[in-house]
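Enquirer: Next come a sequence and a model predicted from it.
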Amino acid sequence: MQPYASKRWSNWVRHQDGETSDGLFREAEIPVAQYVRMSTEHQKYSTENQAAAISEYASLHGMQIIKTYEDAGKSGLNLKGRRGLQALLHDVQQPLPGFRAVLVYDVSRWGRFPDPDEAAAYAHTCKSHGIQVIYCAEPFNNDGSISSTVLVGLKRSMAAEYVRELGVKVFHGACNIVRHGFRQGGTPGFGLRRQLIDEQLKVKGLLSRGERKSIQTDRVILVPGPPEEVALVHRIYQMFLEDGMPERVIATVLNREGLVSDMGTPWTRGTIHQILTNEKYIGNNVYNRTSFKLKVQHVRNPPEQWVRREGAFEAIVSVTLFMQVQAIIAARSHHLDDGQMLGMLRQTLERHGALSGILIDEDDDAPSSSAYRSRFGSLLRAYSLIGYTPRRDYAYLEINRALRRRHPELIDEMAFGIQQSGGWTVRNETTDLLTVNGEFTTSLVIARCKPTPAGAYRWHIRFDASLHPDITVVARMDPSNQRAHDYYVLPAIDFSAETLPILEDNGFTLDAYRTDSLDSFYQLAGRMPLSEAA
């Protein structure tokens with residue numbers, strides 16, 4: 001380790017009290033911070049060994065380490081997740097960070113960024129605020145001279161190249177493992193389990209969720225899971241092929257039956273789709289579907305770049321069934337680009353002379369109205385892209401449609417909130433009425449916010465007179481109609497259509513019932529019998 005030879009440093013270390021009694025200046029220790037980082041590499045890079053080497057350097061150069069920033073077990077590829085370096089960069093930009101330099105073991109501990117300029121940028125942040133970065137184990141002084149600048153740049157490039165070469169080696173090693181039929185990372189999936197085997201292919205047992213192999217020569221394969229999970233996988237294929245149910249409907253059926261996925265969460269369209277499309281269910285081992293090389297960007301790779309081994313595991317679904325499902329999905333997923341979709345929309349307009357969601361859905365030659373909303377954000381935006389302006393302003397239709405989609409979500413939130421407060425509910429699937437504690441009924445009404453020409457806001461509340469709920473919860477939306485502005489809890493005995501809260505300031509007291517959230521209602525419903533509700 002070379003001494004730090006900057007005259008600027010030797011000048012400021014004179015003691016702040018000035019001269020001693022003999023007329024000489026005495027030196028004080030320079031306050032410095034240290035940064036240590038360890039990923040999973042060689043033991044010489046452990047944070048303890050780095051700190052020991054840095055401490056020795058500090059003692060030799062009259063420095064006192066007053067603060068430590070540490071990233072243990074963190075990759076040096078980027079700043080994400082490195083709380084120690086993030087805190088350091090934050091502190092150096094403060095008026096009084098408390099230290100004059102940062103000591104780092106070597107250039108690679110600062111980071112092995114794929115782009116060497118990123119490492120330089122973070123070092124420059126420190127330098128521009130008067131904090132020098134010193135690499136203690138490097139055979140040069142990081143003093144800003146031409147020679148040190150060249151050497152530091154070279155070291156940063158070497159660190160980046162090391163990561164690139166290591167990534168290539170790791171990738172080829174993983175591909176080799178996959179081609180031999182062994183599992184390379186990832187959760188097993190519903191209906192499957194990870195089985196650990198040794199280098200002699202002898203079974204050592206099943207790995208539980210989150211558990212990893214501890215011996216380098218051990219390998220992992222997939223095996224069928226519990227019989228009830230395998231049976232449910234078969235049922236999912238049956239519902240898709242024989243019953244013609246799309247993924248979202250299948251998920252709804254399973255959720256209504258109280259069944260959960262392998263993660264213990266409700267089923268979604270995505271989790272069902274994964275079971276129907278992943279080749280591991282027919283025993284194939286497929287790797288490199290996506291890449292995250294150097295932790296820079298996730299990339300979905302084309303099928304020709306996938307690494308596969310067919311028949312690597314025991315299948316739980318026949319190849320015939322699997323291919324039938326893929327054929328249906330491929331036909332259903334025929335992709336149209338934006339220009340093609342807009343062209344078909346123009347043809348629909350030419351045939352009918354006008355456009356609406358109903359006309360689009362009835363046109364067998366065009367995508368559905370929901371496809372246009374998904375692709376372009378709304379039907380109105382799709383209309384504008386082809387130069388069509390409806391005779392009326394239909395923006396409210398889009399808002400109402402979005403609010404209708406929001407209604408069942410709010411009903412579920414209400415039911416959950418009541419249950420969390422000690423109550424229980426039964427939901428009528430037809431009317432969406434909630435029966436609370438077997439005592440009284442509750443309905444939810446979403447009131448759209450409507451601006452007036454004068455700039456005020458109004459809410460028009462519509463009740464379904466046929467429901468006759470004991471209590472109605474009104475969610476008044478904010479001006480964007482994206483989230484609830486406030487809530488009103490209205491007992492049927494006290495309120496009529498003439499006394500509804502339609503204004504911004506309604507002029508009457510609802511303090512016992514109005515709230516920004518439903519927490520108070522949940523607590524009340526959790527213990528309120530019908531006699532009190534009335």
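Expert: It's in.

Enquirer: I282 contacts F313, doesn't it?
Expert: No - applying Cβ atoms under 8 Å, one finds I282 not in contact with F313, separated by 9.0 Å. For the C-beta atoms, the positions are set from N, CA and C on the backbone; glycine is no exception.

Enquirer: Who has more neighbours out of the two?
Expert: Per other Cβ atoms under 10 Å, whichever of I282 and F313 has more neighbours is F313, with 22 against 18.

Enquirer: Helix or strand: which one has that one?
Expert: For F313, there is no host helix or strand (DSSP states H and E).

Enquirer: and L103, that's in a strand?
Expert: Yes - counting by DSSP: H, G, I helix; E, B strand; the rest coil, L103 is located in a strand.

Enquirer: how close does R269 sit to T441?
Expert: According to Cβ to Cβ, to the nearest Å, R269 stands 32 Å off from T441.

Enquirer: And those two? Which one has more around it.
Expert: T441 (20 against 14).

Enquirer: can you dump the C-alpha coordinates of the helix or strand encompassing the more buried one into CSV?
Expert: Using DSSP H and E, the element containing T441 is strand 440-447. Taking Å, rounded to 0.1, in the frame of the first residue of the first chain, the C-alpha atoms of strand 440-447 are listed here in CSV:
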residue,chain,number,x,y,z
PHE,A,440,-78.9,-6.6,8.6
THR,A,441,-78.2,-6.0,4.9
THR,A,442,-75.8,-3.5,3.4
SER,A,443,-75.4,-2.3,-0.1
LEU,A,444,-72.7,-0.2,-1.8
VAL,A,445,-73.4,2.7,-4.2
ILE,A,446,-70.6,4.4,-6.1
ALA,A,447,-71.4,8.0,-6.9
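
Enquirer: Give the rounded mean pLDDT of it.
Expert: For strand 440-447, the mean pLDDT works out to 86.

Enquirer: Could you double-check that M38 lies in contact with R82?
Expert: No - M38 is beyond contact range of R82, at 11.4 Å (criterion: Cβ under 8 Å).

Enquirer: list residues touching both of those two?
Expert: Common contact partners of M38 and R82 (Cβ atoms under 8 Å, 6 or more residues apart in numbering): D71, K74.

Enquirer: now the strand holding T441, how far from the centre of its chain.
Expert: 33 Å (Cα atoms, centre = their mean, to the nearest Å).

Enquirer: Likewise for stretch 149-163?
Expert: 33 Å.

Enquirer: which regions of the stretch 101-250 of the chain lie under the pLDDT threshold?
Expert: For the stretch 101-250 of the chain, residues meeting the criterion pLDDT under 70 lie at 142-144, 162-163, 165-174, 185, 210, 213-216.

Enquirer: can you give me the helices in it?
Expert: 107-110, 116-128, 146-179, 227-241, 247-256 (DSSP state H, counting those that start in this stretch).

Enquirer: Any figure for the gap between D262 and R37?
Expert: In terms of Cβ to Cβ, D262 sits 35 Å off from R37.

Enquirer: More neighbours: which of these two?
Expert: Ranked by neighbour count (other Cβ under 10 Å), D262 and R37 place R37 first, with 25 against 17.

Enquirer: helix/strand/coil for the more buried one?
Expert: Assignment for R37 (three-state DSSP): strand.

Enquirer: burial count for the closest residue in space to it that isn't next to it in sequence?
Expert: Spatial nearest neighbour of R37, chain neighbours left out: D71 (4.3 Å); criterion: Cβ to Cβ, 6 or more residues apart in numbering. When neighbours are defined as other Cβ under 10 Å, D71 has 23 of them.

Enquirer: mind listing what D71 touches?
Expert: Counted by Cβ under 8 Å, 6+ apart, D71 has contacts Y35, V36, R37, M38, R82, R83, G84, L85.

Enquirer: can I assume the third one is in contact with K74?
Expert: Okay, so that is R37. Yes - under the criterion of Cβ under 8 Å, R37 makes contact with K74 at 6.1 Å.

Enquirer: Which neighbours do these two have in common?
Expert: With Cβ under 8 Å, 6+ apart, R37 and K74 have common neighbours R82, G84.

Enquirer: Tell me where the stretch 201-350 of the chain has strands.
Expert: Taking DSSP state E, counting those that start in this stretch as the test, the strands found in the stretch 201-350 of the chain are 203-207, 219-224, 285-287, 290-291, 299-300, 307-309.

Enquirer: So for the second one, could I get the coordinates as PDB, restricted to C-alpha?
Expert: Once side chains and other backbone atoms are set aside, the C-alpha atoms of strand 219-224 remain, and they are given as PDB (Å, rounded to 0.1, in the frame of the first residue of the first chain):
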ATOM      1  CA  ARG A 219     -28.600 -31.500  -8.300                       C
ATOM      2  CA  VAL A 220     -32.400 -30.800  -8.400                       C
ATOM      3  CA  ILE A 221     -35.100 -32.400 -10.500                       C
ATOM      4  CA  LEU A 222     -38.900 -31.900 -10.600                       C
ATOM      5  CA  VAL A 223     -41.300 -34.700  -9.500                       C
ATOM      6  CA  PRO A 224     -45.100 -34.800  -9.200                       C
END
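
Enquirer: I'd like to know which elements the strand holding T441 is packed against.
Expert: Other helices and strands packing on strand 440-447, by 3 or more Cβ pairs under 8 Å, 6 or more residues apart in numbering; DSSP states H and E, are helix 395-420, strand 434-436, strand 471-477.

Enquirer: Report the inter-axis angle for that strand versus strand 471-477.
Expert: Orientation note: strand 440-447 sits at an angle of 20 degrees relative to strand 471-477 (axes from the mean of the first three to the mean of the last three Cα atoms, to 10 degrees).

Enquirer: Quick check: neighbours of strand 440-447 in the sheet, parallel or antiparallel?
Expert: strand 434-436 (antiparallel), strand 471-477 (parallel) (DSSP bridges).

Enquirer: ok and that strand relative to helix 395-420, angle-wise?
Expert: Using the same axes, to 10 degrees: strand 440-447 against helix 395-420 is 150 degrees.

Enquirer: Which is the succeeding secondary structure element to strand 440-447?
Expert: Next helix or strand after strand 440-447 toward the C-terminus (DSSP H and E): strand 449-451.

Enquirer: tell me the contacts of L349?
Expert: L349 neighbours (Cβ under 8 Å, 6+ apart): L355, I386, Y388.

Enquirer: run the last query once more with 6 Å
Expert: By Cβ atoms under 6 Å, 6 or more residues apart in numbering, the contact list for L349 reads L355, Y388.

Enquirer: how close does it sit to P116?
Expert: 55 Å.

Enquirer: can I assume Q132 is in contact with R100?
Expert: No - counting by Cβ atoms under 6 Å, Q132 stays clear of R100, with 7.3 Å between them.

Enquirer: And these two? Which one has more around it.
Expert: Just comparing Q132 and R100: by other Cβ under 10 Å the higher neighbour count belongs to Q132, 19 against 16.

Enquirer: now the more buried one, nearest residue through space, not along the chain?
Expert: Q132 sits nearest to A101 (Cβ to Cβ, 6+ apart), 4.5 Å away.

Enquirer: Report how far apart the opening and closing residues of stretch 202-217 are.
Expert: 12 Å (Cα to Cα, to the nearest Å).

Enquirer: Any idea how many residues pack against the closest residue to I272 other than its chain neighbours?
Expert: Closest residue to I272 apart from its sequence neighbours, by Cβ to Cβ, 6+ apart: E247 at 4.1 Å. Number of residues near E247 (other Cβ under 10 Å) recorded here: 22.
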